[in-house]
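Colleague: predicted model and sequence below, questions to follow.
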Amino acid sequence: MNRLVISNLVHRPLRSLISIFAIALEVTLILLIAALSYGMLNDSKMRQAGIGADLMVQPPGSSNIVGFTSAPMPVKIGGILSNMPHVAVVSPVMWQLINAGALEIIYGIDLASYESLGSPFSYISGGPFQGPDDVIVDDKYANDHHSKIGDSVELLNHKFRICGIVEHGKGARRFLQLSTMQDLIGAQGKASVFYVRLDDPKNADSVVQAVKAVPGMETYTVHSTAEFLSLMTPEHLPGFNLFIKIVVGVSMIIGFMVIFQSMYTAVMERTREIGILKSMGASQSYILRVILRETMLLAIAGIILGIAISYLAKVVLNHRFHLVPLLLTGEWVLRAAIIALVGALLGAVYPAIKAARKDPIDALAYE
């Protein structure tokens, strides 16, 4: 049977190659979309964790998604937080979401307090802000845009000079002075979030309760950083899982339709061959297994090719686009393989049944 299956596929090389590449496209589409989606989510979590804060205080009704908040809070709230027990550092930050070719969140920071939350910025070149028109960028942004110290960049319709390039992993890709950000967006004396470092992270729950007990702050959103990061999952992000399901569904339909068309056409072209096999004693189950085994062989070849293309694309994209985080996991490789295999087998079921039910007399008389 194996020799028959292989000879059938080799006899029609173009159709076989088209089927293999279609399944490879299905696998590649699933893996790269999943890698990009989960990579961006994981990258955001890592950068939030790298800030070094133990608590985050946000305005009432704030989203769990960084950068999506309601009206900013008065900076004077930082003074209230600073006077609470167990609070070591309070750093006000202004978030601003921009769309300059891609969505990006710019941080307006008070540099001294922001660096006190965790480890200071590690400067690869340049140094701290020297004036209100300075911007600090991380190394990934600099590599992706071929930026160097002294280059001019435009943010919020304003020209800034790159004064420092730092190692990535401490919140944003680009940082402005807090006062500059406040002036540019007309939010003087305001902040989007207060990052808080405690004397001991174990005191986070008691500080959260203390913040909630302050008159007027009962409805403020207060999370420990660990709790906030635990909420940054596909289940808590609106539309994330739906998006992944749509991509998987479309990919599975692609694989189903290609295999269905390929196997159905092959069955129609091999009518006399099937009649000869049945006249020689081949059972319906034997014909069914031949068609499904051909499909499995095509699917396995397509899956292997799709995985190889995905890893190659990941290497190329990471080398070319430093700001595009891709996270290819073994779990999603296995999922994509199963989805492609199931889709291909489903596409072959009807052609296989049709082939198995052919009457040998009619098949031998077929011209």
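Modeller: Ah, there it is.
Colleague: name the residues of the helix or strand hosting Leu17 that come out as buried.
Modeller: Under the criterion of DSSP states H and E, Leu17 resides in helix 13-51. Residues 15-16, 19-41, 43-45, 47-51 are the ones in helix 13-51 that count as buried (16 or more other CB atoms under 10 Å). Glycine gets a C-beta too; all of them are placed from N, C-alpha and C.
Colleague: other SSEs contacting that helix?
Modeller: Packing partners of helix 13-51 (3 or more CB pairs under 8 Å, 6 or more residues apart in numbering; DSSP states H and E): helix 225-231, helix 240-269, helix 284-320, helix 330-356.
Colleague: quickly, which of these bottoms out on average pLDDT?
Modeller: Note on the helices and strands packed on helix 13-51: helix 240-269 shows the lowest mean pLDDT, a mean of 75.
Colleague: just give me how far that one sits from the chain centre.
Modeller: Relative to its chain's centre, helix 240-269 lies at 23 Å (CA atoms, centre = their mean, to the nearest Å).
Colleague: quick one, it and helix 330-356 angle?
Modeller: Using axes from the mean of the first three to the mean of the last three CA atoms, to 10 degrees, the inter-axis angle of helix 240-269 relative to helix 330-356 is 30 degrees.
Colleague: still on that earlier bit, got CSV for the helices and strands packed on helix 13-51, with mean neighbour count and distance to Ser91 too?
Modeller: Output for the helices and strands packed on helix 13-51, formatted as CSV (neighbours: other CB atoms under 10 Å; distance: least, CB to CB, whole Å):
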stretch, mean neighbour count, distance to Ser91
helix 225-231, 16, 13
helix 240-269, 17, 29
helix 284-320, 18, 32
helix 330-356, 19, 36
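Colleague: can you add distance to Val214 and give those back as CSV?
Modeller: CSV is the format used below for those (distance: least, CB to CB, whole Å):
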stretch, distance to Val214
helix 225-231, 19
helix 240-269, 34
helix 284-320, 46
helix 330-356, 44
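Colleague: quick one: Leu341 from Lys159, how far?
Modeller: 54 Å (CB to CB, to the nearest Å).
Colleague: helix or strand next in line after the helix holding Leu17, which one?
Modeller: From helix 13-51, the next helix or strand downstream (DSSP H and E) is strand 55-58.
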